[in-house]
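Engineer: Have a look at this fold, sequence not included:
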């Protein structure tokens, strides 16, 4: 067998991918928003993407012998304006796949341009679709459909928290195909310095403005404030935050964790003195190495 064929055989046998590729989340045009014609996707420094016209996903498959049966759907942060695709996306995907967890990285629709019309519920539609799509691929990817979680950072953490608390809401746009008939409740949630509140001064004004517009009404603010939506059916949650976060105050995680405890939802919340905002897996000060705590928690799932 020649070297090229040998390499291809090994990749197939182990379930490895030479390069993960972006694939469409939806058949045809995604529901909601102004449509692809209104936007041209741009990539900036550090893998930051914006003006996402076509929502997509990228699957990172571990070696077959290492797969645990779990999958995590990843939502990078960026204030619903950009996606920090490298340090809050691909870094997570590699770490998870190295530990036998199928990682599904999501390029959900965001833009700093109001003309894109990517306000609520557009990012949530993409996120829920990604969970359902992962469930539909369970047999193909070696995933237990009851072990599919979400992981999000900053505004991506808000998106993940909405997946964990608004999963039983109905949206008329979700009728594209049989995948939309599948359940979108995640089985666990990992929230990394998440934006949680939308109607409070300690929320994140930039995320609120981009997701809800200039003057959202009180009902909409309450609807998407995840701490207000926690109930006994919210899945187990892991949160990590730094006390010195000047962008998204630590109160976001504390309030969400408190509501989980009140509703008897299994929750773990790690607060570090140092780290600031946007530290990803790099950490800073005493937050460095926090992923070891996540690894322990995931193992128990």
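Structural biologist: Arrived safely. Source: prediction; values computed, not measured.
Engineer: need the next SSE after the host helix or strand of residue 92, C-terminal direction.
Structural biologist: Per DSSP states H and E: residue 92 is located in helix 91-98. Under the assignment DSSP H and E, the closest C-terminal helix or strand after helix 91-98 is strand 102-107.
Engineer: what pLDDT, on average, does that following strand get?
Structural biologist: Average pLDDT, strand 102-107: 98.
Engineer: Beyond it, next helix or strand please.
Structural biologist: Next along from strand 102-107, by DSSP H and E: helix 122-136.
Engineer: contacting residues around whatever helix or strand comes next after that next one?
Structural biologist: For helix 122-136, the following helix or strand on the C-terminal side (DSSP H and E) is helix 138-141. For helix 138-141, the external contacting residues (Cβ atoms under 8 Å, 6 or more residues apart in numbering) are 59, 61, 71, 102, 134, 144, 145, 148. In this view, the C-beta of every residue, glycine as well, is placed from N, C-alpha and C.
Engineer: quick revisit: next, the angle from the helix holding residue 92 to strand 102-107.
Structural biologist: 160 degrees (axes from the mean of the first three to the mean of the last three Cα atoms, to 10 degrees).
Engineer: tell me the mean pLDDT over helix 91-98?
Structural biologist: 98.
Engineer: What lies in contact with that helix?
Structural biologist: 20, 58, 60-62, 72, 74, 102-103, 105, 151, 280-281, 291.
Engineer: Same check on stretch 277-292?
Structural biologist: 77, 84, 87-88, 91-92, 95, 153-154, 192-193, 240, 242, 245-248, 270, 272-276.
Engineer: what about the helices in the stretch 101-250 of the chain?
Structural biologist: Using DSSP state H, counting those that start in this stretch, the helices found in the stretch 101-250 of the chain span residues 122-136, 138-141, 155-165, 205-212, 218-223, 226-229.
Engineer: Make TSV from the ones you listed and add mean neighbour count and distance to residue 300 to it.
Structural biologist: What follows is these, written out as TSV (neighbours: other Cβ atoms under 10 Å; distance: least, Cβ to Cβ, whole Å):
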stretch	mean neighbour count	distance to residue 300
helix 122-136	24	21
helix 138-141	13	21
helix 155-165	30	18
helix 205-212	20	31
helix 218-223	14	32
helix 226-229	22	23
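Engineer: which stretch among the ones you listed comes nearest residue 261?
Structural biologist: helix 226-229 (11.7 Å; Cβ to Cβ).
Engineer: what is the mean pLDDT for the closest one?
Structural biologist: 98.
Engineer: and the nearest residue to residue 250 once chain neighbours are set aside, how far is that from residue 162?
Structural biologist: Leaving aside its chain neighbours, residue 250 sits nearest to residue 241 (4.8 Å; criterion: Cβ to Cβ, 6 or more residues apart in numbering). Counting by Cβ to Cβ, to the nearest Å, the separation of residue 241 from residue 162 is 18 Å.
Engineer: re the thing from before, can I get the helices of the stretch 101-250 of the chain in JSON lines including distance to residue 53?
Structural biologist: Below are these laid out as JSON lines (distance: least, Cβ to Cβ, whole Å):
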{"stretch": "helix 122-136", "distance to residue 53": "12"}
{"stretch": "helix 138-141", "distance to residue 53": "27"}
{"stretch": "helix 155-165", "distance to residue 53": "18"}
{"stretch": "helix 205-212", "distance to residue 53": "16"}
{"stretch": "helix 218-223", "distance to residue 53": "25"}
{"stretch": "helix 226-229", "distance to residue 53": "27"}
